[in-house]
Structure formats: C-alpha cells, structure tokens
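Student: what follows is a predicted protein model with its sequence.
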Amino acid sequence: MRSRPARTAAPAQAPARASSLARAAAAAVVAVSAALACAPPAAAAPEVPADKPLVLSGWTQGSGASYESWTAARGNRDTWQSYGFDWSTDYCTTSPDNPFGFPFRMACARHDFGYRNYKAAGEFAAAKSRLDGMFHADLKRVCAHYSGARKVSCDGTAWTYYQAVKAFE
C-alpha cells in the first residue's frame, strides 16, 4: 500500500493569508492612531515652585519665628496650594494631644507636617533628627508659660514625648 503524501497549502494560498494578516494589522494601527489623535491632550502636572525645599526648611526649624511662620501659613493654606504641601495631621497620634492639660496639639501638628513633607521629598532620613529637635523646642515653648511644679511637670512630659518620637524610625 502506498501512503499518500500529506497535503500542503497551495503556494498561492500562503501569501494570500500573510497579506490578509498584514492588512488587518495595518487597519488596527490606523484605528489606534486615529483614536489617540482625537483624544484630548493630557493635562500637564502643575509646576511646583522651585523654592519649595527652602520654604519647607524655613517652616521646620526649632525657632519661635519658624513656628509662627508655619502657624500663619497653616491658617492660610490656599496661598501655598501650588507647593503641594501635605497639611494632614493626626496630631499626637495615640498619645494625648493635651496631656495633663498641656496644649501639645499644635506642636504635634507641625511635627506631622515636617515628617510627611520630608518623606514625600525623599529627605526624611536627613531631616528626622532636626524635626524631632524642632518638636522638642515647640513643646518647651508651651512649657515656658508655666512655673513651679506645673512647669516641671510640663517639661517632664515634653521630654517624654520627645524621647518617643526620637525612638520612632
């Protein structure tokens, strides 16, 4: 018995199939190009002012003037919107915001501001020690309003809060 040779496509059919695939691919490219040409242009990301690092640094120093500047800016955040600062805060996180009646809430908010914005800038490791020192200075300014045993108590509480943030990685 003779075996029959396997059937193969006629030579004319192979180029016809290749040509058909090429036409389909070309049609797909044209369709995608047309869709992209009709799409609205992507909105450009807003440009952040070049002095953002300088402004951030100015607001996160340990001085009273730095604290006052930050407080004024926080009260008028719309003016600083183009800078893209993160003003969010959880205040003193899981610690009391006003331990024993000492108003530490705003010192905690400024500390959060420093942490969040230096993390976003990729500069947190370099700034952490200074931010923690700024926090302690802010807490000591709160305690400066007290005297006697109340001041000693406030200073001790401030030291405890400072040690807690220093331990945070």
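Tutor: Perfect, thanks for sending it.
Student: check which helix or strand Thr94 maps to.
Tutor: For Thr94, there is no enclosing helix or strand under DSSP states H and E.
Student: now the phi/psi pair for the spatially most central residue of the chain, please.
Tutor: Nearest to the geometric centre of the chain sits Ala120, at 3.7 Å (C-alpha atoms, centre = their mean). Here is the backbone geometry of Ala120 (degrees, to the nearest 10): phi -60, psi -30.
Student: what does the one 4 residues further on give?
Tutor: With angles defined as degrees, to the nearest 10, Phe124 shows backbone torsions of phi -60, psi -50.
Student: report pLDDT for it.
Tutor: At Phe124, the pLDDT value in this model is 98.
Student: and for Pro5?
Tutor: The predicted local confidence for Pro5 is 52.
Student: likewise Tyr161?
Tutor: For Tyr161, pLDDT reads 98.
Student: tell me the contacts of Val48?
Tutor: 82-84 (C-beta atoms under 8 Å, 6 or more residues apart in numbering). C-beta coordinates here come from the backbone N, C-alpha and C atoms, glycine included.
Student: any of those residues buried? List them.
Tutor: Among the contacts of Val48, those buried by neighbour count (16 or more other C-beta atoms under 10 Å) are Tyr83.
Student: the closest residue to Gly62 other than its chain neighbours: helix or strand, and which one exactly?
Tutor: Spatial nearest neighbour of Gly62, chain neighbours left out: Ala137 (3.8 Å); criterion: C-beta to C-beta, 6 or more residues apart in numbering. Element membership for Ala137 (DSSP H and E) is helix 124-143.
Student: which element follows that helix toward the C-terminus?
Tutor: Scanning onward from helix 124-143 (DSSP H and E), the first element met is helix 148-167.
Student: neighbours of the closest residue to Pro103 other than its chain neighbours, how many?
Tutor: Once flanking residues are discounted, Pro103 sits nearest to Val142: 6.0 Å by C-beta to C-beta, 6+ apart. Using other C-beta atoms under 10 Å, Val142 is surrounded by 19 other residues.
Student: Val142 against Gly101, yeah?
Tutor: No - taking C-beta atoms under 8 Å as the definition, Val142 is not a contact partner of Gly101, at 10.8 Å.
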